[in-house]
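> Below are the sequence and a predicted model for it; my questions follow.
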Amino acid sequence: MNSESSNSEGLPLRVKDLRVSYGDRVVSHIPSLELAAGQSIGIVGESGSGKSSALMAMLGLSSTTGAQPTGLVTVSGVDMLADTPQARSMLGWDIGLVMQSPQSSLNPTMKLRNLARAALRRHGVSKEDADKRITEAASIVRLDERVLGRYPHEISGGQAQRFVIALAVAQRVRCILADEPTSALDVTVQAEVITLLNRLRHEEGIAMLLISHDLPVVSELTDYVLVMRNGEVVEEGKTPQVFGNPQNEYTKSLLASVPEWQTERPRKNAWTS
Ligand SMILES: Nc1ncnc2c1ncn2[C@@H]1O[C@H](COP(=O)(O)OP(=O)(O)OP(=O)(O)O)[C@@H](O)[C@H]1O
Ligand SMILES: [Mg+2]
């Protein structure tokens, strides 16, 4: 944990009383969330419980979906709910987004290396430095550099996910927000992406916010978890405690719906005291 963790203003991500509405309807309310360097927080809950709406607000992207957020969201101290150039510049610089199917968000007319270069150049990185960072990042995420010479339609889902994560590393983000990062991948590739995200957290100190329906993955990757239902957080706490000894009836039923939970207790979470 870095020295900034004692100063909550400079945390990679800080949320206080976030409410996201569509018209009159509040679809997501997060009373409080603080993510420090190297920490990982999960959000779980049924479909429509407001997880992605909260995440879009944290990225300063609510206006793209017609949602209205209120409350406080800061990324490295910058107010993400204010529609300012500074807030807009945080995504792809301080904070990275990993989504379910990244291929659709990549410009199909550009090879991956050029895409990465353009993303870094937008933040004022020189061409030379950009190329150096891209090579370094590809090596960190173990993405074969030859893949960077391909177009988005020429790569697999797993390679696309690895590329998006490499881009976040090259941008030197402090925090990655991941919304169902593995659900479109087959099981072997899922495991690779999970291992990679975990490694970045431990070796690079990148903080993670992970939204997933895959409770064993959340159990393995996070040290704190929020359980949401109907737009509200119904339970939260350290992941082994919430998953090992749920207090809320909804959390109990959510866990009971995972067949392997019956025979295999939550996986050991080695990163939580
Ligand atoms: N653009 C929109 N306009 C109006 N309502 C929306 C919009 N997007 C989402 N909603 C509503 O907001 C609520 C929360 O949706 P959200 O996508 O945040 O849920 P979620 O927890 O991410 O669900 P899932 O697990 O299916 O991804 C839902 O009732 C949804 O119908
Ligand atoms: Mg969602």
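It's in. Computed from a prediction, not measured in an experiment: that's the story for all the values here. Ligands and ions are numbered 1, 2, ... in the order given.

> any idea which element Val227 lies in?
strand 224-229 (DSSP states H and E).

> hang on, Ser105 packs against Val98?
No: using Cβ atoms under 8 Å, Ser105 makes no contact with Val98, being 10.5 Å away. Every C-beta, even on glycine, is put in place using the N, C-alpha and C of the backbone.

> And whichever helix or strand comes after the strand holding Val227, how far out from the chain middle?
With elements assigned by DSSP H and E, the helix or strand that comes after strand 224-229 is strand 232-238. Its chain's average C-alpha position is 18 Å from that of strand 232-238, according to Cα atoms, centre = their mean, to the nearest Å.

> for strand 232-238, which positions count as buried?
By neighbour count on 16 or more other Cβ atoms under 10 Å, the buried set for strand 232-238 is Val233, Val234, Glu235, Glu236, Gly237.

> do the same with stretch 121-140
By neighbour count with 16+ other Cβ under 10 Å, stretch 121-140 contains the buried residues Val125, Ala130, Asp131, Arg133, Ile134, Ala137, Ala138, Ile140.

> same question, stretch 159-177
For stretch 159-177, by 16+ other Cβ under 10 Å, it's 159-177.

> How about it and ligand 1, touching?
No: using Cβ under 6 Å from any ligand atom, stretch 159-177 never reaches ligand 1; the gap is at least 12.4 Å.

> Output the host helix or strand of Gln159 in CSV with nothing but the alpha carbons.
Applying DSSP H and E as the criterion places Gln159 in helix 157-170. Taking C-alpha atoms only, helix 157-170 is exported to CSV below (Å, rounded to 0.1, in the frame of the first residue of the first chain):
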residue,chain,number,x,y,z
GLY,A,157,-11.3,-12.7,-27.5
GLY,A,158,-8.5,-13.6,-25.1
GLN,A,159,-5.9,-11.7,-27.1
ALA,A,160,-8.3,-8.7,-27.2
GLN,A,161,-8.7,-8.7,-23.5
ARG,A,162,-4.9,-9.0,-23.0
PHE,A,163,-4.4,-6.1,-25.4
VAL,A,164,-6.9,-3.9,-23.5
ILE,A,165,-5.1,-4.7,-20.2
ALA,A,166,-1.7,-4.1,-21.9
LEU,A,167,-3.0,-0.7,-22.9
ALA,A,168,-4.0,0.1,-19.3
VAL,A,169,-0.5,-0.9,-18.2
ALA,A,170,1.1,1.3,-20.9
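
> mean confidence for that helix?
On average, the pLDDT along helix 157-170 is 95.

> Domain-wise, how is this structure divided?
The record's domain parsing of the chain by automatic domain parsing lists 1-94+175-273, 101-172.

> is ligand 1 contacted by stretch 241-254?
No: Stretch 241-254 lies out of reach of ligand 1 by Cβ under 6 Å from any ligand atom, never closer than 12.0 Å.

> and the end-to-end length of that stretch?
Its first and final residues considered, stretch 241-254 spans 15 Å by Cα to Cα, to the nearest Å.

> Which parts of the chain are strands?
Taking DSSP state E to define them, one finds strands in the chain at 13-22, 25-35, 40-45, 68-75, 78-79, 95-98, 175-179, 207-211, 224-229, 232-238.

> so which of these is the most packed in?
Ranked by mean neighbour count, the strands of the chain are led by strand 40-45 with a mean of 26 (mean count of other Cβ atoms under 10 Å).

> what about that strand, distance to the chain center?
Counting by Cα atoms, centre = their mean, strand 40-45 is centred 10 Å from the centre of its parent chain.

> May I have the strands that pair with it, each with its orientation?
In the sheet, strand 40-45 lines up against strand 207-211 (parallel), strand 224-229 (parallel) (DSSP bridges).

> And for the shortest one, what's in contact with it?
Going back to what we said before, that points to strand 207-211. Identification of contacts with strand 207-211 by Cβ atoms under 8 Å, 6 or more residues apart in numbering yields 12-13, 33, 35-44, 51-52, 55, 58, 174-181, 197, 200-201, 217-218, 221-222.

> So is that strand next to ligand 1?
No: judged by Cβ under 6 Å from any ligand atom, strand 207-211 makes no contact with ligand 1; its nearest approach is 6.8 Å.
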